[in-house]
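Asks: Got a predicted structure plus its sequence, pasted below:
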Amino acid sequence: MQTNGHEHVIEVTGLRRVYGGGFEAVRGIDFSVRRGEVFALLGTNGAGKTSTVELLEGLAAPAGGRVRVLGHDPYTERAAVRPRTGVMLQEGGFPSELTVAETARMWAGCVSGARPPAEVLALVGLGAKTGTRVKQLSGGQRRRLDLALALLGDPEVLFLDEPSTGLDAEGRRDTWELVGALRDQGTTVLLTTHYLEEAEHLADRLAIMHEGRIAATGTPAEVTAAQPSRISFELPDGYFVGDLPPLAGLGVDDHETDGRIVKLRTRELQRAATGLLVWAGQAGVELRRLDVRSASLEEAFLSIAKEVSAQAAGTTTEKEYAA
Ligand SMILES: Nc1ncnc2c1ncn2[C@@H]1O[C@H](COP(=O)(O)OP(=O)(O)OP(=O)(O)O)[C@@H](O)[C@H]1O
């Protein structure tokens, strides 16, 4: 459980999940999460994120491989793991006639050493809604209630399945702040999300799943670093692409034109941008509509999904960007 002084709170090795009809939703994945880390599982629809998280939560037994949470098997040693973890499922499914406070009190009754419900409701921004019936809450407010219930037991490990789906921009920011604060207090968080910005903002490390496998993993910076940056600009009047300095010499991987717009892809952004600007300065021309962009997690995500889909079944799809 200890690696280089870091305690691995979640360890997943060769994990597989097969559903009743024989469909293999999780096809042998490996990752680990250190104490106090926020780890995000990203992926296309149906990639296997929820299927994986449910195995970590001990809701089902794996078809193969191994899961350890806090050193225990979450399925066979549920009693040891469950009190130390908090789970926010995609669908809470509370009795809709109860009020927010009643729901939290009822839930607290099932949790040993629960925090005061009012304190947790205030933490997620539902302090003013304690008397409201659950059926009268908005979708975003229900997600906040889901989160409050997951926090009642003051968990060491928190599983959040799409925590900000249905939240408005402010609610999403509030959730991010809360997750950040929990991490600062040492809580380990594993979350699934469709929002790449959320993963970029919150995750210390992440894994991108596709069709039951991990296609890329590492810090957000490591995963995006493998993608080329882009430069685009409008050719100055009277100039052609052939008049530009030799692009390969500037570290440009490839280029395309769209009318007068030139688009370059490069893994050496500073060198390429400097070369172009020096050329423009010496030629006394302006590069109008100049746009210089580092790769984003979104570009990494889209290119990984495309690349993996294009590969024939049976070829290796695993790509580790992390050391
Ligand atoms: N109970 C089930 N029986 C059979 N197949 C299932 C079952 N639950 C999920 N699947 C299938 O397993 C695959 C993975 O589903 P899962 O819900 O884990 O994906 P996900 O990455 O969480 O997707 P999403 O982002 O859409 O929530 C999908 O193809 C889904 O149809």
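Replies: Perfect, I can see it now. Numbers count the residues shown, from 1 in each chain.

Asks: Could you pull up the residues touching Phe301?
Replies: 42, 196, 208 (CB atoms under 8 Å, 6 or more residues apart in numbering). C-beta: built from backbone N, CA, C; applies to glycine.

Asks: That should have said Glu119, apologies.
Replies: No contacts exist for Glu119 under CB under 8 Å, 6+ apart.

Asks: Which per-residue confidence value corresponds to it?
Replies: Looking at Glu119, its pLDDT reads 92.

Asks: switch to numbering from 39
Replies: Okay, using 39 as the starting number, the last item reads as Glu157.

Asks: What helix or strand is it located in?
Replies: Using DSSP states H and E, Glu157 falls within helix 155-161.

Asks: circling back: which of the contacts of Phe339 has the most neighbours?
Replies: The most crowded member of these, judged by other CB atoms under 10 Å, is Leu80 (29 neighbours).

Asks: helix, strand or coil for the residue nearest to it when sequence neighbours are not counted?
Replies: Spatial nearest neighbour of Leu80, excluding adjacent residues (CB to CB, 6 or more residues apart in numbering): Ile246 at 4.8 Å. State at Ile246, reduced to three classes by DSSP: H, G, I helix; E, B strand; the rest coil: strand.

Asks: Please verify my assumption that Ile246 contacts Lys87.
Replies: No - the pair Ile246 and Lys87 does not pass the contact test of CB atoms under 8 Å, sitting 10.0 Å apart.

Asks: joint contacts of these two?
Replies: 80-81.

Asks: Point out where the stretch 239-361 of the chain drops to low pLDDT.
Replies: 346-361 (pLDDT under 70).

Asks: Would you pull up the residue in the stretch 89-238 of the chain closest to the ligand?
Replies: Ser89 (3.2 Å; CB to the nearest ligand atom).

Asks: Looking at the longest strand along the chain now, give me its mean pLDDT.
Replies: Among the segments of the chain that qualify as a strand by DSSP state E, the longest is strand 44-56. For strand 44-56, the mean per-residue pLDDT is 93.

Asks: go on, stretch 92-107?
Replies: Stretch 92-107 comes out at a mean pLDDT of 95.

Asks: at contact distance from the ligand, anything in that stretch?
Replies: No - remark: stretch 92-107 sits outside contact range of the ligand, by CB under 6 Å from any ligand atom, the gap being at least 7.7 Å.

Asks: how about that stretch: buried residues?
Replies: Using 16 or more other CB atoms under 10 Å as the burial criterion, the residues of stretch 92-107 that qualify are 92-96, 100, 103, 105-107.

Asks: quick check, distance from that stretch to the centre of its chain.
Replies: 20 Å (CA atoms, centre = their mean, to the nearest Å).
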